[in-house]
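# Curious how this folds, go ahead:
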Amino acid sequence: MMRAPRLRRIFRWSIAVALALLPLANPRASGQAAAPHLVAAVLPSSRSAMIGEPVTAFVSVVNAGPVAVDSVGVFLRTPIPATLVFHATDPATNIPTRPPGVPVSLAPGRTQSFAIVLTADAPFAPTIVEFDFAPLGADRVTAIPGVNTLLLSASAAPAPDIVALGVTASRDGTLHASVSGALATARATVTGRLLPRASHRGAFAVAVVNAGGASDVITATARITGSTTPVATVRETDTATGAVIGGDTRHLAPGQTATFGVFVAAPQAVAFEPGRNRVVVEFIDSAGIIRGSTSVALSTRRGELIARGAELFFRERFEGNGRTCATCHPADNRFTLDAAFIATLLPDDPLFVAETNPQLASLEHPRLLREFALVLENVDGFERPGVLRGVPHTLGLATSIRSNGGPRTGWSGDGAPGDGSLRSFATGAVTQHFTRRLDRVPGVDFRLPTADELEALEAFQLALGRQADLKLPLPLTGTRARNGQAIFLDDGLGRCNVCHVNAGATANLGAGSLGNENFDTGVERFVPVPPRPVSETIPVDGGAGTFPRPLGGFGNGRFNTPSLVEAASTPPFFHNNSVATIEEAVAFYTSPEFSASSGAIDAGGPITLTPVQIEDVAAFLRVINAIESLRASDEMLDDAAAARSEPALVARLVELADLAVADAARVLDEAALHADAVALLGEARTALARRSIGIAKAKLTEARDRLIDR
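You can find the predicted model right below:
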């Protein structure tokens, strides 16, 4: 018998699989004429028994119907020389709640877990065993091999019994083969070419234990059901790191464990049909007998959304004034705007429609746009004066917009209309920036995105940049960056980690994570560096909310917390682009304006740092930014290597990777940090110019090793 913790994990996983199969209980979704009320999952999906020795498996049954189902249990449908006994259990403890063989009545929407014990009376070859979960009738469950069946065999002598469990990143029993945000960006920005559909890639982990009584060499294989186009490979992985350490074979002694990675490439779309489209992993002994198996559903829907979202982001004008989302969020400038980049644009660029179209003369403040990268935002309503704000980048949004009060978008956290979500943000952006006239009449001055387009735009933006926060402290090699990290994390000195946990965009004031939070740091009262022209009227920006403020503007004076990982390469800083360097941004928190703010109180009081400490914190932020740029460039080069049959796409991915490498080198070199790493990044760029992707990746690895210990 397996240990209780492992049993509990398998029970929980079987419940998750059963819930993932609920679409199959909908006749319109599954194509069945009449849907059963019950949905079930069996884990593990295979066992190899010895005659007379019991083996266990675990079943979850969900009543997806509108009425209770009586006499729910687990009963053999397939005739085999074995007996079955089921126990209704508490899924949290695995303790039986009823005597053996006693069924339950299952209310609508409820789940019941069972432990089943099978004992073979005679040897038999691997057989797909089907089950019934209630008396025959309308509630008979359609058998789905690997989902609600058990591949069972029995032998007279001890044999390997490989209990396998597949785990996907989404933890929902589905491998969402996808495309990276970088790959989607590259495909959508290849000039003048229509590229074929992107190949969607994904991977999941499989953990195995030999629960049998014999050792053997086991070969892991993977196959795809329901579709012929995807391909899958299996490799042994390190149980601690997940790194590939071997091939598809492994000797497994009784009680021994191992982990494998399953890598899938799907060149064509795969619909979300969990009963049909699956990745099946089988473990075969030296005699060619299947001794273990597991499977996960396969879908490319998320990747299709990301790719579609990228096309919309970079190309769709929504029947407006010629702008796209990328007009203000260009991929070649880290998805943000600064004055230096704006200076490179042609005079007829859609960013300058306020200069070229008399009907839109008040859409922007042209001088402030060109000199300070400030765009006009009517965040308080179009009936009120707008405010001038910088353009926040769209990198790492998957980590930065969640909060306990709902999603926060834009500089004040209330940049989206309606429900405030990233999806709704696109509606507000089109209305604000894409309009043909300042009347802003939908259907006349622009076309609002459809629900499907909003979903795709959201998926693409969430795919950009890193998908997880750092885990500080990092084993940094440089003295200045290490000192800066220590100050950053010191709640009595720098206190940066209070509002930027792990250098991200979430806050924790001591009572648990708040997610992304708004603070009044006094930055609106801070004199920008350099100062704005005296001839230009700068409206007061009241931050979040629309209530009038005594000293002008509307709101509560609070602005949301940006992530700091991406900061050093995306200047200028703060909502109004008030400082140009990361050192100036850190120094602001020692200013009188911050010290007198409610944000200082939230952070624990005024912050006092010496000039050297300020530079050290900035050095830390520069180094983690460079590390992220190297991660991003490495991901792009992996995508380029996989797309080698498409030269135009490879060229664009290499171009974007080179921009990221150049960013990393610049960010370090500006503060005289890690000259050895900067030199290696120069060598990587030389290799990229020659399309030597392998050499470039090796140089990037060397450069990263100069910044952080492995």
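
# Show me which helix or strand of the protein is least confident by mean pLDDT.
One helix or strand of the chain scores below all others by mean pLDDT, DSSP states H and E: helix 27-30, with a mean of 34.

# helix or strand right after that helix?
Downstream of helix 27-30, the next assigned helix or strand under DSSP states H and E is strand 38-43.

# Now do that next one: which elements does it pack against?
helix 4-20, strand 55-63 (3 or more Cβ pairs under 8 Å, 6 or more residues apart in numbering; DSSP states H and E). Heads up, the C-betas are built off the backbone N, CA and C, glycines and all.

# element containing the residue lying closest to residue 213 once chain neighbours are set aside, please.
In space, and not counting its chain neighbours, residue 213 is closest to residue 158: 3.2 Å by Cβ to Cβ, 6 or more residues apart in numbering. Under DSSP H and E, no helix or strand contains residue 158.

# which stretches of the stretch 401-550 of the chain form strands?
Using DSSP state E, counting those that start in this stretch, the strands found in the stretch 401-550 of the chain span residues 507-508, 513-515, 518-519.

# Quote the end-to-end distance of stretch 58-74.
10 Å (Cα to Cα, to the nearest Å).

# averaged over its residues, what pLDDT does it have?
Mean per-residue pLDDT for stretch 58-74: 93.

# Quick check: buried residues in it?
58-65, 69, 72-74 (16 or more other Cβ atoms under 10 Å).

# the domain parsing of the chain - what is it?
1-155, 158-315, 318-463, 470-710 (automatic domain parsing).

# Which one of those has the poorest average confidence?
Minimum mean pLDDT among those: domain 1-155, a mean of 81.

# quick one: it to chain centroid distance?
32 Å (Cα atoms, centre = their mean, to the nearest Å).

# Enumerate every residue touching residue 61.
18, 38-40, 72, 74, 106, 111-114, 133 (Cβ atoms under 8 Å, 6 or more residues apart in numbering).

# 7 Å - rerun?
Going by Cβ atoms under 7 Å, 6 or more residues apart in numbering, residue 61 touches 18, 38, 40, 72, 106, 111-112, 133.

# go on, residue 252?
160, 162, 210, 215-216, 218, 258.

# Select from these every entry located in helices.
Among these, the subset assigned to helices under DSSP state H is empty.

# how about the helices of the stretch 551-700 of the chain, start to end?
582-588, 592-595, 598-603, 611-642, 647-669, 675-689, 693-707 (DSSP state H, counting those that start in this stretch).

# And for the stretch 251-400 of the chain?
Under DSSP H, counting those that start in this stretch, the stretch 251-400 of the chain gives helices at 301-315, 325-328, 339-342, 353-356, 366-372, 397-400.

# still on that earlier bit, now list the buried members of the contacts of residue 61.
Using 16+ other Cβ under 10 Å, the buried members of those are 18, 38, 40, 72, 106, 111-112, 133.

# Please identify which of these is nearest to residue 465.
residue 18 (34.4 Å; Cβ to Cβ).

# rewinding a little: among the strands of the stretch 401-550 of the chain, which is the most enclosed?
strand 518-519 (a mean of 24; mean count of other Cβ atoms under 10 Å).

# Leaving out the residues flanking it, which one is nearest to the most centrally placed residue in the chain?
Centre of the chain computed as the mean C-alpha position; nearest residue by Cα atoms, centre = their mean is residue 467, 4.3 Å away. Computed as Cβ to Cβ, 6+ apart, the closest residue to residue 467 that is not its neighbour in sequence is residue 398, at 5.1 Å.

# I figured the one you found was touching residue 464, is that so?
No. In this structure residue 398 lies outside contact range of residue 464 using Cβ atoms under 7 Å: 8.2 Å.

# Tell me which of the two has more neighbours.
The residue with more neighbours, out of residue 398 and residue 464, is residue 464; 26 against 18, by other Cβ atoms under 10 Å.

# Return the distance of that one relative to residue 574.
22 Å (Cβ to Cβ, to the nearest Å).

# try residue 412
12 Å.

# now residue 469
Taking Cβ to Cβ, one finds residue 469 at 21 Å from residue 574.

# picking that back up, out of residue 412 and residue 574, which sits in the busier spot?
Comparing residue 412 with residue 574 by neighbour count (other Cβ under 10 Å), the higher total belongs to residue 412, at 25 against 20.

# show me what contacts that one?
Residue 412 sits next to 379, 518, 543-544, 555, 558-560 when contact means Cβ under 7 Å, 6+ apart.

# Now it. Nearest residue, chain neighbours left out?
Using Cβ to Cβ, 6+ apart, the nearest residue to residue 412 is residue 544, at 4.2 Å.

# returning to what we had before: using JSON lines, lay out the buried residues of stretch 58-74 together with distance to residue 250.
Below are these laid out as JSON lines (distance: Cβ to Cβ, whole Å):
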{"residue": "58", "distance to residue 250": "25"}
{"residue": "59", "distance to residue 250": "29"}
{"residue": "60", "distance to residue 250": "30"}
{"residue": "61", "distance to residue 250": "34"}
{"residue": "62", "distance to residue 250": "35"}
{"residue": "63", "distance to residue 250": "40"}
{"residue": "64", "distance to residue 250": "39"}
{"residue": "65", "distance to residue 250": "43"}
{"residue": "69", "distance to residue 250": "43"}
{"residue": "72", "distance to residue 250": "39"}
{"residue": "73", "distance to residue 250": "37"}
{"residue": "74", "distance to residue 250": "32"}
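
# Looking at these, which two lie furthest apart in space?
Longest span within these, Cβ to Cβ: 58 and 65, 22.6 Å.

# thinking residue 496 is in contact with residue 488, fair?
Yes. The pair residue 496 and residue 488 passes the contact test of Cβ under 7 Å, sitting 4.3 Å apart.

# shared neighbours, those two?
residue 617.

# Please enumerate residues in contact with stretch 378-393?
By Cβ under 7 Å, 6+ apart, stretch 378-393 touches 328-329, 334-337, 365, 368, 373-377, 411-412, 415, 432, 440, 538-539, 541, 546, 554, 562, 566, 570, 572, 575-577.

# Buried residues in it, which are they?
Those would be 379-380, 386-393, for stretch 378-393 by 16+ other Cβ under 10 Å.

# Let's see it as CSV, backbone CA atoms only.
This file holds the C-alpha atoms of stretch 378-393, laid out as CSV (Å, rounded to 0.1, in the frame of the first residue of the first chain):
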residue,chain,number,x,y,z
ASN,A,378,-8.8,61.5,-19.5
VAL,A,379,-8.8,59.2,-16.5
ASP,A,380,-11.3,61.3,-14.7
GLY,A,381,-13.8,61.4,-17.6
PHE,A,382,-13.9,63.1,-20.9
GLU,A,383,-15.9,65.9,-19.5
ARG,A,384,-12.9,66.9,-17.3
PRO,A,385,-9.4,68.0,-18.2
GLY,A,386,-7.0,65.2,-18.9
VAL,A,387,-3.7,64.4,-17.1
LEU,A,388,-0.3,63.8,-18.5
ARG,A,389,1.2,60.4,-17.9
GLY,A,390,4.1,58.2,-19.1
VAL,A,391,3.4,55.0,-21.0
PRO,A,392,3.8,52.0,-18.7
HIS,A,393,5.4,48.9,-20.3
